[in-house]
Every structure is written in structure tokens, then in C-alpha cells.
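need coordinates for the following:
(chains A, B, C, D, E and F)
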Number of protein chains: 6
Amino acid sequence: MFSHVKDLQFEAKPDGPDAAFARRLQEILGGKWGEMTVANQYLFQGWNCRLPGKYKDLLLDVGTEEMGHVEMIATMITRLLDNAPLSLGEAAEENPMVGVIYGGSNPAHFIHGGGGALPVDSAGVPWNGAFLTASGNLMADFQLNATAEAQGRLQVARLFHMTDDPGVKQMLRFLLARDTMHQNMWLAAVEQLKEDGLEELPVPDAFPDSAELTEQFGYTYLDFSDGSDASEGRWATGSAPDGRGRFRYDGSPRAHAPEPVLPPGDPRLYSTNPAATRGPGNKTANKPS
Amino acid sequence: MFSHVKDLQFEAKPDGPDAAFARRLQEILGGKWGEMTVANQYLFQGWNCRLPGKYKDLLLDVGTEEMGHVEMIATMITRLLDNAPLSLGEAAEENPMVGVIYGGSNPAHFIHGGGGALPVDSAGVPWNGAFLTASGNLMADFQLNATAEAQGRLQVARLFHMTDDPGVKQMLRFLLARDTMHQNMWLAAVEQLKEDGLEELPVPDAFPDSAELTEQFGYTYLDFSDGSDASEGRWATGSAPDGRGRFRYDGSPRAHAPEPVLPPGDPRLYSTNPAATRGPGNKTANKPS
Amino acid sequence: MFSHVKDLQFEAKPDGPDAAFARRLQEILGGKWGEMTVANQYLFQGWNCRLPGKYKDLLLDVGTEEMGHVEMIATMITRLLDNAPLSLGEAAEENPMVGVIYGGSNPAHFIHGGGGALPVDSAGVPWNGAFLTASGNLMADFQLNATAEAQGRLQVARLFHMTDDPGVKQMLRFLLARDTMHQNMWLAAVEQLKEDGLEELPVPDAFPDSAELTEQFGYTYLDFSDGSDASEGRWATGSAPDGRGRFRYDGSPRAHAPEPVLPPGDPRLYSTNPAATRGPGNKTANKPS
Amino acid sequence: MFSHVKDLQFEAKPDGPDAAFARRLQEILGGKWGEMTVANQYLFQGWNCRLPGKYKDLLLDVGTEEMGHVEMIATMITRLLDNAPLSLGEAAEENPMVGVIYGGSNPAHFIHGGGGALPVDSAGVPWNGAFLTASGNLMADFQLNATAEAQGRLQVARLFHMTDDPGVKQMLRFLLARDTMHQNMWLAAVEQLKEDGLEELPVPDAFPDSAELTEQFGYTYLDFSDGSDASEGRWATGSAPDGRGRFRYDGSPRAHAPEPVLPPGDPRLYSTNPAATRGPGNKTANKPS
Amino acid sequence: MFSHVKDLQFEAKPDGPDAAFARRLQEILGGKWGEMTVANQYLFQGWNCRLPGKYKDLLLDVGTEEMGHVEMIATMITRLLDNAPLSLGEAAEENPMVGVIYGGSNPAHFIHGGGGALPVDSAGVPWNGAFLTASGNLMADFQLNATAEAQGRLQVARLFHMTDDPGVKQMLRFLLARDTMHQNMWLAAVEQLKEDGLEELPVPDAFPDSAELTEQFGYTYLDFSDGSDASEGRWATGSAPDGRGRFRYDGSPRAHAPEPVLPPGDPRLYSTNPAATRGPGNKTANKPS
Amino acid sequence: MFSHVKDLQFEAKPDGPDAAFARRLQEILGGKWGEMTVANQYLFQGWNCRLPGKYKDLLLDVGTEEMGHVEMIATMITRLLDNAPLSLGEAAEENPMVGVIYGGSNPAHFIHGGGGALPVDSAGVPWNGAFLTASGNLMADFQLNATAEAQGRLQVARLFHMTDDPGVKQMLRFLLARDTMHQNMWLAAVEQLKEDGLEELPVPDAFPDSAELTEQFGYTYLDFSDGSDASEGRWATGSAPDGRGRFRYDGSPRAHAPEPVLPPGDPRLYSTNPAATRGPGNKTANKPS
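Numbers count the residues shown, from 1 in each chain, chains lettered A, B, ... in the order given. Here you go, the predicted model:
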């Protein structure tokens, strides 16, 4: 059972409207890794949790917080939608910026939503229940939750570079911090499960080793693409993370084909890039304003 | 570019047909965590990977292997669909098992697929591209891949208890072993990324700390559901997994409400259960045949 | 911002498990007219509401209550899923009831959900954001809310006849009563909007009459199917409900074709039936147990 | 069985092409509340209607008319798609308007549809069958139909302000008038059902009162969001619209939190706004050209 | 513009109800190749057709006929849904057939549709607009229409073996005949387009040969799967169907791998089978009753 | 089982980035008729094929090639996404072209994909499994494959006119040639099936004529739209393509209604146009650069 408090968890108003950015902000509201996903995912995991106590409490605490994030972002989007150009005529008669907003906004925000947020992603595709998983196995689900927060923080970090509005940026700063907390939290929860003897790797740990073909296939790296660069990674030799076996590489060195090489991407997208060796020292390289 | 070899990666035939189980097996073919998802996820991650070398090779190797798993499961489903009852009349005139199969099978397997596998899940809902993510950030994606293999292995383990067919079980044993390998592999890849200085927690690590509201919100556990059981977990006190901050619990002890308590579930579903404290010793508790 | 209280709004436990009914109950959790729809619909309407005061408060009050109904039904479904037959073998070896349950349940409840509720409908299709509308126009939306509660109460009434479990029936009795309240409430809200001078029929009332082709097309009944039975209804003659025009019938009497006539349906489905002229007196005709 | 007449129900041609508006017009063709929805909704309700006579005739009459509206809008969209810029080069070399159109149009109109209308909404998401409901209960469905026409007329009124093309505006004037008729019609049909003794509030009226928990929950307003503004509405005190009970408010006065207040929206979107108290006198406030 | 005649194009009533078959019949109503698809596909192609005269007339004629088939099948489904078991209790207390129907039916038919047809396929997934294509190129679309009728007739033929009800079979006989006509018709229309000089192979014929890499890649069979059986087909040597080039096989003989071989399927599914060499003489092999 | 070779089947790099065209190129990657569809369609048809030998080999050969096309297009899209404007500010400060790109690109390419390709169409809607069909009947499926290649080549030809980038055009030239080959190939395969006595028209040929209502309905053209232009086509008189019957026209001449006439479309869209009578001589009419 829930109760609602009218003030937002963190109050931030945009300095001005921007319907094109409002469309983009929908990704973290109604996209696959948006707040609707994490809110519902943690709540379903909590409701279905058969283990009373700290884990169930954790899931319901955080799922409830995320509902408040849905509210914050919906409110921000609604505020950003004001004063958008409704017609080509309006878009053309003013400065070019207005034309760019007209082209870059989501028409359904106006025709369907009347200037309010919608439960859709940045392309306008509706959120759906398949975005969430509540498998009943807490280890599998806590790992998923950790990556959901990583994907979510990544998207917020990218959006941070897509606007100059101080009010919007302030809200994103808050969301980044909560995603930092929640990434850490789910990783700590994975550790807690191990400490409590509830689950081990590989998931599900209770399935008997003898029933799988571990001997031949359980720790062997099979190479299905030419080139043998992959043999150099930690996943091909040495002890496996589950502590139960050692990796074995099954592949023969093959000549490198002239593979397509992609250039480094925009550092503000935080994709993993060739030149992007990171450390405390070079963080300023892509310092946002 | 791909080439195809006609023999299956692992050959296993069902001892007999079972159209009701064929429907269930669709979950690991075309469901959210099925082989179509991981095959396409790793390939898209590989194609979009801007870092040549071992990571790109790894993604393309394993994505290609998973395409072969799609093939194996599709072939198995097609074999299981033979001799199913097509009509109520047929279902009723034979033994009750046939009626159970009629009710429990997916009619589209026959009407649409002509007795062959479909790119759908166990409910008959088509696979879709939103099931996969290729974010460009390898840490976020390797974490996702690790949980995908955990969710996948969990589903295979559950399916293992839903059939008595030795041929089918043999294929599942193989898939369990590969999922064991792949869970370990992606976790090792997460470690490798850290070792190579390419990414740290929280993702994305290159986003400057100063731009987020870390101080107030970055390591604070906020409690939005009554009861304070969650304060007992590793996520509420002590050092955070990213090594950059310490958790702080922000909540006051509240009386426990009479919350709904669920009974332990079927151990063959490998959900986290109250009585399920596991260890090497009690694995035999739910030993499958 | 939300907070969560762990006890359910209304506590009811099933007397026994029934996985086939659990699948059916999903319709009012994750179906088009289920609790996820009304909860999110009212909340989005509330967040986007530009009118502070009683209307915004109303929307947020009731949307928050409906979140608690999602929780109640999810909990009930999880409880109903216990002890279901996992395999054809199990289904066949016990009494025929078990075979019926096996055929009539949703396999994803076990393979994907591990014995827990899913955000899907009774066919297993995921809930999606297009199920809800928040148009910004409160009259259009309150009318939608009224029909949502009518469709919802209709579905609960039908489900009431699909189970004999007293605990489940008790929860349905509660939901029926809340749907009674909410139907009445949204219809009262429609009246309130008129009283407050905020909206009139036809929606949107502020669009100027002179800009539409009212004269010729605004109150004329056009007959596109043969037979002229429709000319006998209140929609073809007399004053229109908006009080601004009089209906006019535009059609010529045509001979009746031998149209398909359907038999009366099962009264427990509460469809509108030939023989179903209702009144206080004949309510007992389809009195549920 | 249907027959088709080639001329449109109402002929209107655009004065000139506008591919960006064509995309927007798709909302009332293939969007949730578009003509494909109402056409199919009324036809399915009619086909499934178990009551021969005026209701069935009404449903089939109007469903058939709406098929003709699908045709009108599809034809208009196809006409609007001519002469659109196909490439960035074309878009850049002409006046800025062309760039705005390029950015604001739906590429699938050209790549997939070859310059013709598609069964999608304004974001390009395909129409789907879940948009319609035919529940068998005519009261629930007529209420839905009334709101469908209200939502539809609202969208047409919004689109009216998104174009300056006189031909397009003429078609919209026609559609507004038909939506006026149809809103009135379905509300009259709701009244007719009551007069004919076929259904009463709350839907379904035939479900016995004694089987629901009416006493405690059937007329009680429960307050789940802070603030008690909602206690001032007609839904909290006085007689309920079904004439069977009196509303009761269950909540205690609470201090107002500093809730987010949204500014009034663009009056051309016809959302309910603080300053929008309407009456015959102030209609001219947002008089469209 | 359409008008509606109330009698069905072909009248057939089921001898008795069968809710499990009703679910299966949904495939040809709301499935990918069902009547909703062909009706809307031909109408959209007709509305978007820029060539007045016989082609446009053809598309609108047949699209309109298919709307009548939607009506026929919806009516049949509604009739088949009567007297279905609503609960597990009912299903268990009667003969086993009733249990089979309970398990094999679609619960949404009752909970959502109140005993009436739904716009969904046999799994319960809603029909969607992506099922249809209207590309503007009549050759590409007439080929699609021909295969749509082939896929449709195939599904009707399969359904013919899934029921023993004479009334249902009579309707299917009618649909089979219309699909025979329509397959022939679209293939004749392909020929007509060529005769009229409007389109040639390959589609689109007006794209200049010189702009594609025809020389090297336009008629070469590339072999990407081991085994060279494919070199024996007409697609690898000889003149190509477009009369513009000759096929060339580019592959080297490779040893056959031990590929998976599937057994012949049920002949009543009309899949292409090893033993299924057909001719007028052996048609009786799978003569339906 | 598959293996992967790192070099692309055909190497082509864009001369420069263009995020707006990248969005458009998604249509042939993840749209209904894109490479993901044909790759998976042919592979599923091959895996489910019960006839070993040249047909199965053909399906697996070509399905495997198409996987390489998915890779080529994904790589091209990723290359085109570089240097796109991320924010309104960036878009506005540079030349107008940048604003056009901002408005015309897909925000999810950056927020979700980090500058990489996504499994979606040009509107951003995810690819789904319902796009493919593997019916088991090779005639029905080869016809579908032929139209899939025609629809695909049509889309590539349209895209050819939507860019001026020589590198992109070079890749499209390659794809056009392969689509030429594949159109021819599937049509040859249709002929081969007939020659091998495996299938005849109408599909499925093994369904006994006597069981359908051929006499009355099998070769009769029924006219449901006014005007009798359709009576002039080959589908209304003369011998039917299946060689088993003669077409009969069932309709009476009716006066032409004033039907909507559409202007000829842009010839670069290759839709069938009034003035587009084609032949070797007038190909240059719409010669692309």
C-alpha cells in the first residue's frame, strides 16, 4: 500500500522550455532502462520475494523511491513542453532554433498528451512490461538491477551533454548521484547474498553440477570468429570467477582478416573508446560545463 | 560475414514428441532471455565496438556461438512438435495425456508454423529488438551479459524439471554448461576492463564526480517503505563497492506492519527461498533425476 | 514522492493454489483495463494536470490507491502459483484436475517468473504504456476513467464466477466495491467540471462552433448499414445531450436483410443480452454463490 | 458484408503538400484514438452484440461510417506527402522550411510507403488491436465510445491549429462536426440503455450488491495523497450518481506540501487550464483563424 | 465510403460450441495472415494507388470483400464461444473434453470480450498495422498479395483438420474457394502489370542497371553453408526469370556434414515433406472427412 | 552452427557522417523488410525444412549471407553516427544543415546506443519476430521470399536517392545487385518446386478440390466497390494461372463515382505511376546521379 506526498523528491525547474529535449528526456522515463522500468522491476521483485526481511525491504524501499523519480521526470517534461511551435508556419517564421525544435520534438506530446509527459521512450514507443524481470532468484535479479542502474546512469550522463539548461542539469546531477548509490547498493547486495549463503555463482548454484556437462563445456572458451585476440583475455585462461574451474581456450591462431575498424566516438557518449584509458588524472578530458 | 556448418554444435534428439514442452522450450529460443537475445546482443555489441582487439573478438566469437544455439533449440522444437493432437476430437479419444498436450500446446506452432519452431516466447509473443542492448559502454554491457547468462541458466535449470525426455535433458545439460562458462566469462571480462584501465565503477566512470550531487545523495540509503530491516544489509553501512565512498542509512526505525509473507516456492524453480541456505553439502536436496 | 506501507490495503489469502486461475487473474493486473493501467493513468493525469487543487489531488489520491491494488493482486497471484504441476509427467500421474491446470496455466509464470506474478495480461502479452491516456483535457479523461472502472468492474465480476476459492472471492468483493466507488466518483467529477465552468459538451467545448461544419453534420445521424432500426433510438431524434442541437435522422427505411442473430450469452459474463431486462427484482437470476 | 463507393464521404484537397503535417495527421488515422480504432471498435461491438435491433444497427452504422473516415484521412495524407525533400542535400539547398519538413517528417512514409499513408500513429508506431474494446456490456462500451469521440475530437481540434492549409482545415471541420454528433450519440445511447431497463450504474448492474463489500468500501473516498483538497469535490460528499449510496470522505486534513505547480498550457491544446473558465462569452479567446 | 449489408457473405453456423477451436480460428481473423491483414492491406494499397482504373478498382473491390470475411469469422467465433467452462470446478466436474476445452481456450475471450471475438491471433497477441504493406509499387505488392492468399489458404486448410463441426467446415470450404480465386487473381495481376508495360523484374525495374553492381553480384549464387546441394537447383545455373542474365554458382564442392534430418510432418499440415511428391493421383492420401 | 569472418562481405565506408541518413538506413536493417527479417526468415525456414537436399541448403546458404548484410549495414550506420550534434545549442550555432540533422536523427542512437546501430526501423520501433514467416510449405514461403526481396530492393532503390555520399551509394549498389539475384533465385525456386512435383497452385495443392466450394466461388470475381473497371483485367476473364479453371466476372456495370485521383508521385520512389509506362527506352527518365 502506498501513500503520496506532493512535493518532489528533488525540486528543479527548467530555466526555459525545450520540446526537443523533452522528447529526449522521455528515454529515462519510459525507455527500456528508464525509471518506469526500475520502479516496477524492484516492486515486482519485492512483491514476489519469498524471503521476508532485509532483501524484501530493500526491494520495496528502492522501488518506491523510483516511483518518485518517474514523477520528477514527468513533471520536468511537462514543464519543458510549453511554448513549443505547433505548426510549420510558426516554426518557419521565427528564428531557426524554432524550426529545429519543431523537427526534433515528438508530435504526440501535443496531439495525444496535450503538452504533458507520456509513458513512452525517446522514439515515442510505449513502455512495456517485458522491460522488467522478476525471476525469483535474487542473485540473477540483483545483477540485473546493477546493470540497470549502470545503463541508466550512462543515459543520464549522455543527456547531461544534450542540454544547457541549468535547472535540467541540476535534476540530472541528482539522478546521477542516486544511480551511483544504487549501482553500489545492488553490487553490495550481490555480496550480501553470498555472505548469507543464499546463492553462489554460477546462478542457480543449487542446480547440481553432476547434471550438467561441466567437464567438457563448463569452462572452455570456444572461438567462432576468426582472429584469436580473444585468447588474450582473462576469460580464456586462469581461474574462473566462480572459483570452481579454470578457463581453457579452444581455438587455433588464425590470420587476422582486414576487419572494419571504427573511429573513437564522441567522448560525451561514454562509450568505450580506444584512446579512452581512464584514471583519476584524465577525467577532465571531457569535463562537462 | 558468416558461414554455416550443417551439423549442430551439440547433437541431441528427443526420445519422443511433446508439443506442450515444445511450447515451453520457446522461452529460451525467443523469450526475453532466450538465445535470440544473447546472439543478437553480443553481435550488435561487437559490430558497434569501437575498440579493436580482444573485446571485439570476444563479442563476435560468443555471439556467433549463440546463433548455433538458436539453431539447436529450433531443431529440437521442430522435432518435439510431431504427432501432436490437432483437434479436440483427437485429443478426447485417446488417453488423457493427449488432452493435456492439446490444452498446453501453442496452436500457432501448427496453424502458422506448420509444425516448426517460431521466433516467439512460451506465451507466443514475438521476440523483439528491445530485448537486446548494445550501449557502447562495455562495462555496462558486460554486466548485462553476465545477468543475461544467469537468467538464461536459471530458465534452462527450470525447464530441466519440466520434462522427462532423456534426449531433451541432454541438450539442456549442454546449455547449462555453456551458460556456466558464459557467466564466468562476462564476469572475468568485467574484471579485465578494470585491469586495462578502461572503466571503473560507477559506470560511466569518466563522468566527473564534481558534476553530480555525490556529497548528499551518492552514498545515502533512503528508506521509502516502512520497516527498517534494510538497514541491516551491506548496502546501508560500510564501504561501497566502488571504493569511493561509505554507505549511510537515512531512515528511522519504524514498527513492522503485518506484511504479507509468502511460503517457500518449489525448489525446482531455484527462486531464493527462506529455507534455501545453500552450500556444497545440501545440494542434493533438490537433485534432479 | 511516495512511501510504502507493507501491509496490503485489504488482506485476503487463497484457500489453496490454482495456477490456471492465477493466469486469468493477470487480466486485471496487467491487461488493458487492469490495475497497472488505472494506477499509471491517474498518476500521469495528475502529474500533467495544470490545475492545482481538488482535481489534481483527486487524481493523485486514486492513482496511489490503485498502486496498492497492483500489489494486492500480484501477491494473490504469487500465492496461487504454488504447487502447480511443472511437467506433463506430473500432470498426467495425478487426478485430471492437475492436467487441466497444466494446460490452462501460463508457462512463463514458472520459467520466467519463478512462481511469481508478471506484468502481463491473461494471454501473457506484456502491459504497455499505450493502455493509458492523459490528454490534459479533464472532461475527456474523466469520462475515460469512468469507463475504465466500468470495464474493470465487469472483468472482476466475470472472474468472480471463475473460481470457488473463498479467499480469492473475498479480494474480488473488495475490488468490486472500490470499482463501484470509482465509477461513481469519476461520473461525479464530470459533473463537477461542468459546475465549475471548466468544460462542457462536446469536448473540447472551447473550440469555436463557427469553425466546425455543425450545421450540416453536427447533429445528423447518417445510416451506413441496411435496416433502419437505429432510427428508433434517442440518438436519432430529439434534443442532443449537449443541449445545443437536435438530432436528425438521415436515412431511408430499408428492408431487413436476414442478419445473423446470436443467442443470449452466459449471464455470468454480464454482456447485454436479449432476455436480460434487469431491475431490482430479477437480480437474483444470476446470483453468484 | 460491405460495399464500397469510390467518392469520399467529404471531399477536401490540400492546397499544397506538407509531409511534416502528414506525419502528424497519422495520429487520427492510426493512433490509439484514431479512426482505425473507432471503426474497428464499433464493428466488433456490433458483430458481437447479442441484442438484435436498434443497438446492433447503431454500432454497424457508425462503424461503417468510420471506415470511410479512415479512407478520407489516408487519401489526405497521401496527397500531403508529395514533393517532400528526400535527402539532406535537398533539404539544405532550399529555404529553411524544407529543412524543417525534412526533420519533421516520418522517413517510413517514403521508404516503406512510397509516398502513401501507413497504419501507424504520429510517432510511426503501428496501430494494434488492443486499442479497441468490445466487452459485450453495452453500457461499459458506450461510455468508452463517448470518450473515444471526445479524445478524437480533442485531437482534431489540436491538429486544426497545426496547419494553415485551407483544404486540410476544411476536412478537419467536417471531422469535428461528426465527432460532435458521435459524442452526443453515445451519451444518448447510454441514456437509452437505462430507459430500456438494460443496464444501470454501477456496471455491471446485475452483479448482486450483496456479493460485494459495498457497505465499507462502495461509497468511501480514501485519501492516499497528502493535502485534502479532494474533499471539496462532489465525489466526496452527497449522493452518488448511481442513486444507491452517499459518498463518504475518509481522510484527515493535512498540511499542504509545497507541490509542483505547472503554468497554464497553450490554449490551442484545449487542456484544462487554471485560467480557462469557459462560457459562451469567452470562447473567442482562442479563436482559430 | 462504405455501406454495410447485414447478411453475411456466406452463412454458416456451427453445430455446437467449441471455445478451444474458437481460439484457433482467431489466427485467420487477427493473425499475421488473417482477414484483418488482407482487408486492410488491399484497402491501403487501393487508397494510396496513384493509377486510376482497373488496378485501383481491383484493390478496393477485394479489400471490401475481405472486410466481409472479417465479419463472418468474428460471427463464427462468437457463436463458438457459448457454453464454455468458466472455472476449473466446472471443467473438472464434467467429462474430460470440458477440461481439454478449458485448458485450450483463450481466457481473454471471456474476461475481456464477454464471449465475443477479439482482434488477436491464436496466441492472444493483438493484430497490428505492421502486418500490412502498401509500398506504392504494384508489382511488389501484388506478389505480396499472392503469397498472403497462399499463406491464408494454407492456414484454412490446416484448420479444416482441427474441427469436426460441419457448419464450421462449410465456412472453411467457402474461404478456401475464395483464397483459390484470390491467389489466381493476384498472379494474373502480376502478369497484367507486365503486359501493360508498368513493371518488370527485378522490382523496381526503373532503377537503372548501370547504377547497381550487376556484373559481379547480380546473378551469382554465393554459397555460405557447407554442402553444395544447392548447386543442383534452377537458381544456380541457366537463365534467370527476369530474362536479363544467367545464374552463376560460386562455391566449391564440400563434404556433407552430418546434418540434422527431420522426419516427415503430419500431412494434414501441408508442409513440404520428403514423401509428399504430389499429383492428381495421390491427392486422396490425405483426404479430409 | 556458424563461424564468423571479420571482414565485411563488401567493404564500403561513408565519405562523411550523417546521422539523419543513419536513421533512414535503419529501415533496411531492422524494418519489416530489412535484413534482420530475411536473415532470420530464411534460417527458420531452413531449420524447419523437412526436405533434406537442395532446398534446405538453399535456405541456409542465403540466410547465412543475409546475416552478413545485417553486419554491413550495422557497421555503416555506426560510422554515419559520428559527429552528430548532441544538443539544440550545438545544432543552432552551426550551419542550418546541422539543425536539419538534429531534427531528423533518432535520439535513441545516442542515448541508448551510444553512437551505434540499433535493431529498430527508421521510426525507432524495434524489429520483431512476427516480421518473419516459416510456414513449412515451401511454395508459400518462396513466394514470400520473392516479394521480400522485391520490397527490400525497392527500399534500397529509394534510399539511393536519399544520400549523396559515394561510399554509402556504393554499398547500396551492392545490396541492389544481391536483391536482383535473390528475387530471381526465389522465383526460380518456385519453378523448381513445380518441376519436382512438390507443389502446385493453388497452395496447398494437396488439399482436395472436392472439399472446397470451387464450383461457385473458386474462379469468380466478385465486385464490392462501385465502378467496373476491374472487369477489364486478366483476373476477370480467361484462364486462371493455376490452369484449373477460368475466371468469371460477377458484377454489373455501374456508373463511375467521382473518385479521388492522386497525382503521380516522385519517380525516385518507384511507385507505380500513371505516366510511368516503362521500357528499356525510358529508363533514363529517372536516372539517379
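
could you identify the longest strand within chain A?
Counting by DSSP state E, the longest strand found in chain A is strand A:246-250.

quick one: strands adjacent to it?
Here strand A:246-250 has these sheet partners by DSSP bridges: strand A:220-222 (parallel), strand A:238-239 (antiparallel).

now do the longest one, average pLDDT.
Read that as strand A:220-222. Averaged across strand A:220-222, pLDDT comes to 94.

would you mind pulling the contact partners of that strand?
A:230-231, A:235-236, A:247-251, B:61, B:65, B:181, B:185 (CB atoms under 8 Å, 6 or more residues apart in numbering or on different chains). All C-beta atoms are positioned from the backbone trio N, CA, C, and that covers glycine.

same question for the last one.
Here strand A:238-239 makes contact (CB under 8 Å, 6+ apart) with A:245-247.

how near is the residue of chain A most remote from its centre to chain C?
Centroid-distance maximum for chain A: A:E93 at 39.2 Å, with CA atoms, centre = their mean. Using CB to the nearest CB, to the nearest Å, one gets 22 Å for the distance from A:E93 to chain C.

now, which of the contacts of strand A:238-239 sits nearest chain C?
Taking CB to the nearest CB as the measure, chain C lies nearest A:G245 of these, at 26.2 Å.

what's the burial count for that closest one?
Residues lying near A:G245 (other CB atoms under 10 Å in any protein chain shown) number 19.

give the contact list for A:G233.
When contacts are counted by CB under 8 Å, 6+ apart, A:G233 touches B:54-55, B:58, B:188-189, B:192.

hmm, the least confident helix or strand in chain A by mean pLDDT touching chain F?
Of the helices and strands making up chain A, the lowest-confidence element is helix A:88-93, at a mean of 86, by mean pLDDT, DSSP states H and E. No: using CB under 8 Å from any CB of the partner chain, helix A:88-93 never reaches chain F; the gap is at least 9.8 Å.

can you count the residues close to the closest residue to chain B within the stretch 51-200 of chain A?
In the stretch 51-200 of chain A, no residue comes nearer to chain B than A:G136, which is 3.0 Å away by CB to the nearest CB. For A:G136, the count of nearby residues is 28 (other CB under 10 Å).

got the phi and psi for it?
Per-residue torsions, A:G136: phi 90, psi -20 (degrees, to the nearest 10).

for it, which non-adjacent residue is closest in space?
C:G114 (2.5 Å; CB to CB, 6 or more residues apart in numbering or on different chains).

right, and that neighbour touches A:L138 too?
No: applying CB atoms under 8 Å as the test, C:G114 and A:L138 come out as separate, 10.1 Å apart.

just the helices in chain A please.
Listed in chain order, the helices of chain A (DSSP state H) span A:19-30, A:35-48, A:54-80, A:88-93, A:96-104, A:108-111, A:138-160, A:166-195, A:214-217.

quick one: closest of those to C:V261.
helix A:108-111 (40.7 Å; CB to CB).

is that closest one anywhere near chain D?
Yes: using CB under 8 Å from any CB, helix A:108-111 reaches chain D at A:108, A:110-111.

list only buried entries from the residues you listed.
Buried members of the residues of helix A:108-111 next to chain D, scored by 16 or more other CB atoms under 10 Å in any protein chain shown, are A:108, A:110-111.

from those, which single one is nearest B:L81?
B:L81 lies nearest to A:A108 out of these, by CB to CB, at 41.6 Å.

okay, the closest one: pLDDT?
Predicted confidence (pLDDT) for A:A108: 98.

got the buried ones among the residues of helix A:108-111 next to chain D as a markdown table, with distance to B:M97 columns?
As requested, those are exported to a markdown table (distance: CB to CB, whole Å):
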| residue | distance to B:M97 |
| --- | --- |
| A:A108 | 50 |
| A:F110 | 57 |
| A:I111 | 54 |
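
what about stretch A:222-229, how long is it end to end?
The straight-line separation of the ends of stretch A:222-229 (CA to CA, to the nearest Å) is 13 Å.

make CSV out of the contacts of strand A:238-239 and add pLDDT.
CSV is the format used below for the contacts of strand A:238-239 (pLDDT from 0 to 100):
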residue, pLDDT
A:G245, 93
A:R246, 95
A:F247, 95
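
the nearest residue to A:L88 once chain neighbours are set aside: neighbour count?
Leaving out its chain neighbours, the residue that sits closest to A:L88 by CB to CB, 6+ apart is D:A20, at 5.6 Å. Neighbourhood size, D:A20 [other CB under 10 Å]: 25.

what sits against D:A20?
Taking CB under 8 Å, 6+ apart as the test, what D:A20 contacts is A:88, A:102-103, D:100-101, D:103-105.

between these, which is nearest D:T78?
D:T78 has its nearest neighbour among the contacts of D:A20 in D:S105, at 13.6 Å by CB to CB.

wait, the closest one sits on D:A19?
Yes: counting by CB under 8 Å, D:S105 touches D:A19, with 4.0 Å between them.

which non-adjacent residue is nearest A:D61?
Distances taken as CB to CB, 6+ apart place B:S225 nearest to A:D61, at 4.6 Å, with adjacent residues excluded.
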